[in-house]
Structures are given as structure tokens and as C-alpha cells.
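>>> Would you be able to build a 3D model of this:
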Amino acid sequence: METTTDNLREVAVSSKRLLGRVAAIVENRLELLAVELEEERARLFRGFLLALGAAVFCFLAGVALSVAVVVVFWERSPALAVTGLAVLYAGCAAWLYGNFARLQREWRTLPDTIEQLRKDCQCLERNLK
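Just a heads-up that it's a prediction; the model follows:
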């Protein structure tokens with residue numbers, strides 16, 4: 001009878017130890033997730049500000065260049081000057097859209113957290129067999 005009680009105690013102690021380790025792993029992974037979310041938020045905000053600034057100055061440069069081109073070529077062919085600018089702008093828009101689409105396809109959210117969780121699952125599978 002005592003061996004059964006001893007075995008139950010060992011199982012209880014082992015279970016508590018296992019739960020403690022699982023809780024520590026979960027806490028660690030949640031901290032990693034929080035850090036990554038903060039880094040991602042800061043990166044997105046900085047990227048947004050940089051993109052906004054670049055867009056504003058590109059717009060201003062484009063307007064100035066457009067006016068200059070139209071003024072220079074107005075005597076020769078106003079329609080050609082405006083059409084040439086439209087083709088240039090359409091080409092730039094297509095190039096930017098292609099880069100944006102590629103960025104969306106390659107986007108990975110929280111890659112370190114996901115990779116660490118995969119490693120944790122593999123480790124648990126190995127140790128629980």
C-alpha cells in the first residue's frame with residue numbers, strides 16, 4: 001500500500017514540477033511576444049512617418065518637375081508634354097504597386113515568437129514520449 005502512495009506522491013511532485021516548467025515557458029513566451037509587438041509597433045510607426053515624409057516631398061518635386069516640363073515643352077507640343085508626364089507617372093505607380101504587392105506577400109508577423117513556439121512544441125513532444 002505504501003508503494004502506491006509513494007508512487008502517487010512522486011506523480012504529484014512530477015506533475016507540479018512539469019506544470020511549473022510549462023508556466024515558466026508560457027510566461028517567457030508571452031514576454032517575448034510583448035517585446036516583439038512593441039518593436040513591431042515602433043517599426044511600423046517609424047516606417048509610416050518616413051513614408052509620409054517621402055510621399056510629401058516626392059509630390060512637391062513631382063509638381064515642380066511637371067510644371068517645368070510643361071513650361072519648357074509648351075511651345076513645341078503641350079499634348080505631348082502632358083502625355084509624357086502621364087506615362088511617366090503611370091510607370092512609377094505600377095513600379096510602386098509591384099513593390100507593395102511583393103512586400104505584402106513576404107510579410108511575416110512575429111517570426112521569432114512563432115519559431116520559438118514551434119521549438120517548444122517539438123521539445124515537449126520529445127520529452128513526453
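>>> now the helix or strand hosting residue 38, how far from the chain's geometric center?
For residue 38, the host element (DSSP states H and E) is helix 2-73. Centroid separation for helix 2-73 versus its chain: 8 Å, with Cα atoms, centre = their mean, to the nearest Å.
>>> just checking, what packs against that helix?
helix 78-106, helix 111-128 (3 or more Cβ pairs under 8 Å, 6 or more residues apart in numbering; DSSP states H and E). In short, each C-beta sits where N, CA and C put it, glycine included.
>>> For residue 36, find the nearest of those helices.
Comparing these against residue 36 with Cβ to Cβ, the closest turns out to be helix 111-128 (5.4 Å).
>>> Give me the contacts around the closest one.
Under the contact criterion Cβ atoms under 8 Å, 6 or more residues apart in numbering, helix 111-128 has outside partners 25, 29, 32, 33, 36.
>>> residues in contact with the residue nearest to residue 66 when sequence neighbours are not counted?
Spatial nearest neighbour of residue 66, chain neighbours left out: residue 85 (5.4 Å); criterion: Cβ to Cβ, 6 or more residues apart in numbering. Counting by Cβ under 8 Å, 6+ apart, residue 85 touches 66, 69, 70.
>>> of these, buried ones?
Among those, those classed as buried by 16 or more other Cβ atoms under 10 Å are residue 66.
>>> Which of the contacts of residue 85 sits closest to residue 96?
residue 66 (17.3 Å).
>>> ok, residue 60 - how many residues close by?
Residue 60: 10 surrounding residues under other Cβ atoms under 10 Å.
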